[in-house]
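**Q** quick one, what's the 3D model for this:
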Amino acid sequence: MNPPCGRCNKPVYPTEKINCLDKYWHKGCFSCEVCKMALSMNNYKGFEKKPYCTMHYPKTSFTIVTDTPENLRLKQQSLLNSQIKYHEEFEKSKTRSDAPPPENRQEQELQASNSERFNQPAGQMRPAVVSPPSGGKRYQALYSYVAAEADEVSLQEGDLVSDVEPIDEGWMFGCNQRTGKRGMLPANYVRPI
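**A** Residues are numbered from 1 along each chain as shown. Sure, this is the predicted structure:
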């Protein structure tokens, strides 16, 4: 039995058979899907098992971005910035009725930091709160931050940062008390305590 043609579904006989794109075609039916120009095995382009001429071949363009260290850093920074925006919007959407009364807020924060410290895996316990040696400003991390450069400091949510000095509008310099490392950190990831 002769197979059906990929275009007209009529039987294709061996003398006029073209086997291409997982189908059989009559020589006259093997033409461009758009302009119907007759094609041969030398000048066709296949797309989704259909023949096209060079002019009407569907173009799929992709943007290739190489994973250079700088592009990876920018990608990571964009992700972190989107997380910051989400956190800020979430905080703004919370009603003030969730906030504990002022006299109980400090006690609740102390209880939360103590329970968080004791719920850490062994070997990763957070140190007890210690006053900064130089008496500089102290801040607490609102969000986790992974250092993107060697002169930056990584943070985990809740970390205490001492000896904080503002550098410019978006960055500060300080010491993460949990790790003991000093360096730059984003100003909108921390709040004064």
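**Q** could you list the domains of the chain?
**A** The record's domain parsing of the chain by automatic domain parsing lists 1-59, 137-193.
**Q** quick one: which of these is nearest residue 69?
**A** domain 137-193 (9.9 Å; Cβ to Cβ). Any C-beta I mention is one placed from the backbone N, CA and C, and that applies to glycine too.
**Q** tell me the most buried of the domains of the chain?
**A** domain 137-193 (a mean of 16; mean count of other Cβ atoms under 10 Å).
**Q** returning to that earlier point: out of the domains of the chain, nearest to residue 75?
**A** That would be domain 137-193 among the domains of the chain, by Cβ to Cβ, at 10.3 Å.
**Q** can you give me the end-to-end distance of the closest one?
**A** 8 Å (Cα to Cα, to the nearest Å).
**Q** do stretch 31-51 as well
**A** 6 Å.
**Q** distance from the chain centre to it, please.
**A** Chain-centre distance of stretch 31-51: 40 Å, with Cα atoms, centre = their mean, to the nearest Å.
**Q** circling back to that earlier point, to residue 81, which of the domains of the chain lies closest?
**A** Taking the domains of the chain one by one with Cβ to Cβ, domain 137-193 is closest: 9.1 Å.
**Q** circling back: let me have the domains of the chain in CSV, adding distance to residue 77 and mean pLDDT as columns.
**A** Output for these, formatted as CSV (distance: least, Cβ to Cβ, whole Å; pLDDT from 0 to 100):
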stretch, distance to residue 77, mean pLDDT
domain 1-59, 33, 88
domain 137-193, 6, 91
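**Q** a markdown table for these, including distance to residue 73?
**A** Shown next, in a markdown table, are these (distance: least, Cβ to Cβ, whole Å):
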| stretch | distance to residue 73 |
| --- | --- |
| domain 1-59 | 32 |
| domain 137-193 | 5 |
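**Q** among these, which is nearest residue 71?
**A** Checked against Cβ to Cβ, the stretch from the domains of the chain lying closest is domain 137-193, at 12.1 Å.
**Q** mind checking which of the domains of the chain is nearest residue 67?
**A** That would be domain 137-193 among the domains of the chain, by Cβ to Cβ, at 14.8 Å.
**Q** so for whatever helix or strand residue 82 lives in, what gets flagged as buried?
**A** Using DSSP states H and E, the element containing residue 82 is helix 69-93. Judged by neighbour count using 16 or more other Cβ atoms under 10 Å, the buried positions of helix 69-93 are 80, 84.
**Q** returning to that earlier point: out of the domains of the chain, nearest to residue 80?
**A** Of the domains of the chain, nearest to residue 80 by Cβ to Cβ is domain 137-193, at 6.7 Å.
**Q** mind checking how far the most far-flung residue of the chain relative to its centre is from residue 174?
**A** Relative to the centre of the chain, and counting by Cα atoms, centre = their mean, the farthest-placed residue is residue 15 at 56.4 Å. Distance of residue 15 to residue 174, given as Cβ to Cβ, to the nearest Å: 84 Å.
**Q** coming back round to it: pLDDT on the helix holding residue 82, on average?
**A** For helix 69-93, mean pLDDT rounds to 74.
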